[in-house]
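Chemist: Mind looking at a prediction? Sequence and model below.
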Amino acid sequence: MILRVPSQARPLLRRVAGKAGELGLPLFAVGGCVRDWLLGRPTLDVDLVVEGDPQPLAEWASGAFGARAESFGQFGTWRLLKAGWRLDFARARREVYPRPAALPLVAPAPISEDLLRRDFTINALALPLGPQNEGALLDPAAGLADLRGRVLRALHEGSFRDDPTRVYRAARFVSRLHLKPAPGLWTMARESLRHGWPRLLSRARLLHELWRILEGNDPGRPLKILARLGYLDVIYQGLKPPPAVLRSPRERLGAMALRLGPRGKDFLASLPIDKALALDLRETLDVASHRRSPRRDLPPPSLAILRAAFPRLPRTALRPLFVGGEDLRALGIPPGKALGKALDEAARAQWRGRVRSRVEAIRWLKNRL
């Protein structure tokens, strides 16, 4: 298995490695990027680990590459984003989990310990970037052998107790990388669920894992694995995968809420999602539950969700309501409950295709009156 660093990444990594050498910081590319390069996947999302403080190196790279450096998380990680690539800088560390599903307590450690704190053997790989040992792959957990055998194996028996989000990542890796679970992997996942450890996870962490799955090319596969294991119900009871025709995570999340029926709004309210997204998706659920055309233009994700849920809708069903309050007042309906009821009836008629234009809508109203 040949490690193929993408040609676009090589000059960038050489410059970072040179600066790390000047600062006396041992530097390593680790985890998912190394795994993907071994699989021939040309990822430019690169995780870098230094044995020491990553801040000086990250700040230098920010100036050298004209990319803003942001510190995030409680573990001192720095991120640089630029068109087409991402660099994360982190300190090599060890982790201790004070209780199941809790965030770990961390302390500086050599790269050998850092690799063994990770989730799966195929991610416990590091490529040294210093001039002395460049290219000598570090593989303390035999991850390369598992990668060759297309096997996903947890690093230790307590992995899903320490961090149950790893089960969600396992389903994603098995599906996206076409791996087979190591013997006992799903048994470990079910044992973690039996103890109730996944239900100790915060809603933010669960949303993060769900969103990562919904960003994938085929979220149905990992979601079906999670449903069989009982882990979709941890996110919300009765949750089901979205229709395959939907493409964006927003569309897919809204479709999953819609499939819950009257409980869809409670599902959305349980997640710490963006307020604007929550409003759009709640309106989408309203349109679907009442079977009536919207009062305003719906955003593209809402239209996609509703078209997937109701593939035989008339062409004009999801256009904004053809008539408004002024039209009804002109027909003699004063403001109040009667006006609102008439608008709702017009919206349902437009949804069913009984009216397909403003002229038809006004004629329909006059006949109803």
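Modeler: Cool, got the structure.
Chemist: what's the distance between residue 163 and residue 209?
Modeler: Computed as C-beta to C-beta, to the nearest Å, the residue 163 to residue 209 distance reads 11 Å. (C-beta placed from N, C-alpha, C; glycine too.)
Chemist: same question, residue 282
Modeler: For residue 282, the distance to residue 209 - C-beta to C-beta - is 23 Å.
Chemist: Give me the next element, helix or strand, following the helix or strand where residue 18 lies.
Modeler: Element membership for residue 18 (DSSP states H and E) is helix 10-23. Next in sequence after helix 10-23, counting helices and strands by DSSP H and E, comes strand 27-30.
Chemist: Could you please name the strands that following strand pairs with and the direction of each pair?
Modeler: Note on strand 27-30: by DSSP bridges, its sheet partners are strand 45-50 (antiparallel), strand 126-128 (antiparallel).
Chemist: could you dump those to CSV with mean pLDDT?
Modeler: Conversion of the strands paired with strand 27-30 to CSV gives the following (pLDDT from 0 to 100):
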stretch, mean pLDDT
strand 45-50, 96
strand 126-128, 95
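Chemist: okay, how far is it across stretch 152-161, tip to tip?
Modeler: 17 Å (C-alpha to C-alpha, to the nearest Å).
Chemist: if we look at that stretch, which residues are touching it?
Modeler: Outside stretch 152-161, the residues that touch it by C-beta atoms under 8 Å, 6 or more residues apart in numbering are 97, 100, 116, 118-122, 124, 141, 146, 166-167, 170, 173-174, 177, 179-182, 185, 188-189, 191-192, 195, 197.
Chemist: For that stretch, which residues meet the burial criterion?
Modeler: For stretch 152-161, the neighbour count (16 or more other C-beta atoms under 10 Å) marks 152-155, 159-161 as buried.
Chemist: nearest to residue 26, of the residues you listed?
Modeler: residue 155 (22.0 Å; C-beta to C-beta).
Chemist: Next one: that closest one relative to residue 119, how far apart?
Modeler: For residue 155, the distance to residue 119 - C-beta to C-beta - is 7 Å.
Chemist: do the same with residue 194
Modeler: Residue 194 is 20 Å from residue 119, by C-beta to C-beta.
Chemist: which residues make contact with the one helix or strand in the chain whose mean pLDDT sits lowest from outside it?
Modeler: Counting by mean pLDDT, DSSP states H and E, the weakest-scoring helix or strand in the chain turns out to be helix 325-330, with a mean of 79. The contact list for helix 325-330 (C-beta under 8 Å, 6+ apart) reads 335, 339, 342-343, 361-362, 365.
Chemist: returning to that earlier point: look at residue 282 and residue 209 and report which has more neighbours.
Modeler: residue 209 (22 against 15; other C-beta atoms under 10 Å).
Chemist: That one against residue 164, yeah?
Modeler: No: between residue 209 and residue 164 there is no contact under C-beta atoms under 8 Å: 9.5 Å.
Chemist: For residue 33, give me its contacts.
Modeler: Here residue 33 is in contact with 43, 45-47 (C-beta under 8 Å, 6+ apart).
Chemist: what helix or strand does residue 339 sit in?
Modeler: Per DSSP H and E: helix 337-352 holds residue 339.
Chemist: Would you mark the buried spots in that helix?
Modeler: In helix 337-352, counting by 16+ other C-beta under 10 Å, buried: 339, 342-343, 346-347, 349-351.
Chemist: pLDDT on it, on average?
Modeler: Here helix 337-352 scores 87 as its mean pLDDT.
Chemist: Would you check how far apart the residue lying closest to residue 273 once chain neighbours are set aside and residue 291 are?
Modeler: Ranked by C-beta to C-beta, 6 or more residues apart in numbering and with sequence neighbours excluded, the top spatial neighbour of residue 273 is residue 207, at 6.8 Å. Going from residue 207 to residue 291 by C-beta to C-beta gives 29 Å.
Chemist: Ok, residue 61 next?
Modeler: In this view, residue 61 and residue 291 are 54 Å apart by C-beta to C-beta.
Chemist: just the strands in the stretch 1-150 of the chain please.
Modeler: With strands called from DSSP state E, counting those that start in this stretch, the stretch 1-150 of the chain shows them at 27-30, 45-50, 69-72, 77-82, 85-91, 93-96, 105-108, 126-128.
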